[in-house]
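Student: dropping a prediction and its sequence here:
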Amino acid sequence: MAKEGKRNRKSRESLDRNAQYSIEEAVKLIKQMATTKFDETVEIAMNLGVDPRHADQMVRGVVNLPNGTGRTVRVAVFAKGDKAEEAKKAGADIVGAEELAEEVQKGKIDFDRCIATPDMMPLVGRLGKVLGPRNLMPNPKVGTVTADVTEAIKGAKGGAVEFRVEKAGILHAGIGKASFSEDALVQNIKAFTDAVAKARPSGAKGTYVKRVAISSTMGPGVKIEPSSTSPG
C-alpha cells in the first residue's frame, strides 16, 4: 500500500496543472494516478464556446464508444403490447407503461437510460419534471424515442453515451474505466470529441472547443491539447 501511495504521489507531483498534454500522454498519466482499490471511471470535461440558453447554441447528441463504457447500464423502456415484448427480449431491465410512470412519479428511478416508443410520449411527457433534471428524458434527437426498441437497447447497453452541454458551456461524460488499455481510452475519447465537434450548433461563434480535460474518479484533472483529440 505504501508503494502504491508513493507511486501515486510521484505521478501527481510530475503533473503540471497548467500544461496541456497530448491525448496519449494524458491517458498515461490518468492511468498512473488511478490507484484506488476500485476500478475508477475515466471522465471527460469540455468547455465549449457556446451559451446553451440560446436555442441555436445548444449542443446535444449521442455517441457509440468503440470500446464501451465499462459500466453496466440499466435500461427502462416505456412500451405496450408487442413493443413491450420486443423490449424484454432485447434485454431491457424494466418495461412498462402507466404503472412504470407511477413509480417514476414517486421518485423510484432504478435505471440509467430511458427509452420510449413514440406512442408513449404523451404519458412520458408528464414525467419531464422528474426525468429532465436527471438527463433521462427520452428524446428523438438522441435515439431514445423510437419504434426500434431493440436497436436502442443494444446501443444503450453497448456503450452509447448521451451528451448535453450545461450552463456555462460545460459538457462532461464518463468515457471508460481506468482498467481499460491506453489505446481503448484514446479511441473512446477521440470518438466522443469527434461527436461533439460534429454537433457544433449554427450559433457557435469563434473558438468552439476551448478546453478539454480528463480525470479519474479520485484523481486530478489532466488538460489535453484540444487539437490532439481529433480522430485520425
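Tutor: That came in fine, so what should we check first?
Student: rest of the way, CA atoms for contacts and neighbours
Tutor: OK.
Student: and stretch 113-123, average pLDDT?
Tutor: Across stretch 113-123, pLDDT averages out at 95.
Student: right, and Ala147 touches Pro118 too?
Tutor: Yes - if you go by CA atoms under 8 Å, Ala147 and Pro118 touch, sitting 6.6 Å apart.
Student: could I get the full set of strands for the protein?
Tutor: Shown for the chain, the strands assigned by DSSP state E span residues 41-48, 60-64, 75-78, 94-96, 113-116, 160-164, 170-177, 209-216, 222-224.
Student: partners of the first one, with directions?
Tutor: Taking DSSP bridges as the criterion, strand 41-48 pairs within the sheet with strand 170-177 (antiparallel), strand 209-216 (antiparallel).
Student: for the first one, output the C-alpha coordinates as PDB.
Tutor: When you say that, I think you mean strand 170-177. Coordinates of the C-alpha atoms in strand 170-177 are reproduced here as PDB (Å, rounded to 0.1, in the frame of the first residue of the first chain):
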ATOM      1  CA  ILE A 170     -19.500  22.800 -19.900                       C
ATOM      2  CA  LEU A 171     -20.100  19.300 -21.100                       C
ATOM      3  CA  HIS A 172     -18.900  16.100 -19.300                       C
ATOM      4  CA  ALA A 173     -19.400  12.300 -19.600                       C
ATOM      5  CA  GLY A 174     -17.900   9.000 -18.500                       C
ATOM      6  CA  ILE A 175     -15.800   7.500 -21.300                       C
ATOM      7  CA  GLY A 176     -14.400   4.300 -19.800                       C
ATOM      8  CA  LYS A 177     -12.600   2.800 -16.900                       C
END
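Student: the helix ranked longest in the chain to strand 60-64, inter-axis angle?
Tutor: Ranked by residue count, the top helix of the chain under DSSP state H comes out as helix 182-198. Put simply, helix 182-198 runs at 150 degrees to strand 60-64, going by axes from the mean of the first three to the mean of the last three CA atoms, to 10 degrees.
Student: give the other helices and strands that helix 182-198 contacts.
Tutor: helix 23-33, strand 60-64, strand 170-177 (3 or more CA pairs under 8 Å, 6 or more residues apart in numbering; DSSP states H and E).
Student: could you tell me the least trusted of these?
Tutor: Among those, strand 60-64 scores lowest, with a mean of 88.
Student: list the buried residues in that one.
Tutor: Using 16 or more other CA atoms under 10 Å as the burial criterion, the residues of strand 60-64 that qualify are 60-64.
Student: now those residues in CSV, with distance to Gly81?
Tutor: Listed next are those as CSV, based on distance: CA to CA, whole Å:
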residue, distance to Gly81
Arg60, 31
Gly61, 29
Val62, 28
Val63, 29
Asn64, 29
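Student: wait, which of the residues you listed is closest to Ala76?
Tutor: Of all the buried residues of strand 60-64, Ala76 sits closest to Val62, with 17.4 Å by CA to CA.
Student: bridging residues for that closest one?
Tutor: Using DSSP bridges, the bridge partners assigned to Val62 are Glu162.
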